[in-house]
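In: please find the sequence and the predicted model below.
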Amino acid sequence: MAVPVRQALRVGAYIFKNKIRGVKKFPLVVELETLFACNLSCAGCGKIQHPADVLKRRMPVEQAVGAIEESGAPMVAISGGEPLMHPQIDVIVNELVKRKKFVTLCTNAMLVRKRIDKFDFKPSPYFQWAIHIDGLRDAHDASVCKEGVFDEAMEAIKELQSRGFRVTSNSTFFSTDTPQSIIDTFDYLNDVVKVDEMEFSPAYAYEKAPDQDHFLGVQETRELFKKVFADGRRKKWRLNHSPLFLDFLEGKVDFQCTAWGIPSYSLFGWQKPCYLMSDGYAKTYKELIETTDWDKYGRGKDPRCDNCMAHCGYEPTAVLATMGSLKESIRAAIEK
């Protein structure tokens with residue numbers, strides 16, 4: 001199943017409207033972090049290393065919804081931490097859905113079956129779940145540093161599918177992954193689990209992540225995905241990415257990062273310059289755009305950016321490049 005037509009048309013119209021108005025920087029998706037607390041301690045993530053008083057905080061509903069409305073973004077990815085630990089996460093989702101925002105709730109799935117009946121989630125063309133899956137059983141459980149998480153995630157996906165929800169997967173790949181392990185993961189999620197779509201990204205080196213030894217470099221990423229996508233495999237998978245972003249991962253094209261395209265809003269405000277780096281915070285999206293020196297970031301400009309090929313920085317570039325080319329727009333429609 002491709003991106004729903006309703007969503008594709010809405011986002012396309014949104015981009016076109018901003019271009020016509022001469023708006024140069026606008027968000028496509030907001031990464032909304034309503035809390036930093038989590039029930040897992042993943043090796044590649046440093047979120048839970050915040051002080052205890054910060055981990056206890058939960059973003060008020062009004063603050064979360066207000067930030068999205070102010071930004072104008074058509075899509076929202078709610079992450080964390082683990083969002084199902086937020087007691088009003090369903091209220092946040094439902095308020096955003098009422099406003100016809102396309103909402104993705106990202107979860108490690110450990111609390112889905114335990115808490116699904118305590119929340120008021122309803123299937124909607126504006127709402128989907130994204131279950132985090134970093135490989136098959138052994139690889140995933142090693143990534144999240146806990147046994148049994150993969151099996152619970154598979155049960156959670158079945159439960160959500162049985163209730164009529166749209167369910168996608170979200171994967172992060174490290175230098176420990178091989179072309180075959182990624183192929184096997186995509187085949188399993190696509191053909192056996194039958195998630196609606198799969199999203200993925202090369203891992204970015206979080207400064208506070210416990211494991212600093214297994215992040216991919218640019219050349220490693222390109223070599224890895226050339227092999228993963230060989231023999232036309234990428235066309236058989238339901239991947240939630242533009243063809244140009246997949247080309248970028250293979251090294252067929254190169255882009256500059258569009259950090260403002262998928263900004264991050266958390267308990268601290270709008271994170272500068274992006275979800276993956278923290279050089280301060282702004283109170284509003286307008287302030288984020290106007291007070292961030294965007295020209296000093298990117299590969300070849302800031303050493304922290306040199307090995308980044310993450311989805312949150314480069315997918316917006318690929319989407320905007322697609323929308324700016326009739327040839328690429330047709331290709332994207334055909335390949336979807």
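Out: Good, I have the coordinates. Numbers count the residues shown, from 1 in each chain.
In: any idea which element Gly280 lies in?
Out: strand 277-282 (DSSP states H and E).
In: mean confidence score for the lengthiest helix in the chain?
Out: Taking DSSP state H as the criterion, the chain has its longest helix at helix 5-21. Across helix 5-21, pLDDT averages out at 91.
In: who touches the helix-or-strand element of the chain with minimal mean pLDDT?
Out: Least confident helix or strand, the chain: helix 326-335 with a mean of 82, by mean pLDDT, DSSP states H and E. By Cβ atoms under 8 Å, 6 or more residues apart in numbering, the surrounding residues in contact with helix 326-335 are Lys235, Ser242, Pro243, Leu244, Ala321, Thr322, Met323. Yep, even glycine has a C-beta here, placed from its N, CA and C like the rest.
In: and the buried ones among these, selectable in PyMOL?
Out: In PyMOL syntax, the buried subset of these is picked out as below (16 or more other Cβ atoms under 10 Å):
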select buried, resi 242+243+244+321+322+323
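In: mind putting the contacts of helix 326-335 into CSV with secondary structure and pLDDT?
Out: Shown next, in CSV, are the contacts of helix 326-335 (DSSP: H, G, I helix; E, B strand; the rest coil; pLDDT from 0 to 100):
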residue, secondary structure, pLDDT
Lys235, helix, 91
Ser242, coil, 93
Pro243, helix, 93
Leu244, helix, 95
Ala321, helix, 93
Thr322, helix, 91
Met323, helix, 89
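In: ok, so of the contacts of helix 326-335, who is nearest Leu40?
Out: Nearest to Leu40 among the contacts of helix 326-335 is Ser242, at 30.0 Å by Cβ to Cβ.
In: I'd like the distance from stretch 171-188 to the chain centre, please.
Out: 17 Å (Cα atoms, centre = their mean, to the nearest Å).
In: for that stretch, buried residues please.
Out: Here stretch 171-188 shows 171-174, 176-177, 179, 181-183, 185-186, 188 as buried, counting by 16+ other Cβ under 10 Å.
In: these in helices, which ones?
Out: Per DSSP H, helices hold the following members of the buried residues of stretch 171-188: Pro179, Ser181, Ile182, Ile183, Thr185, Phe186.
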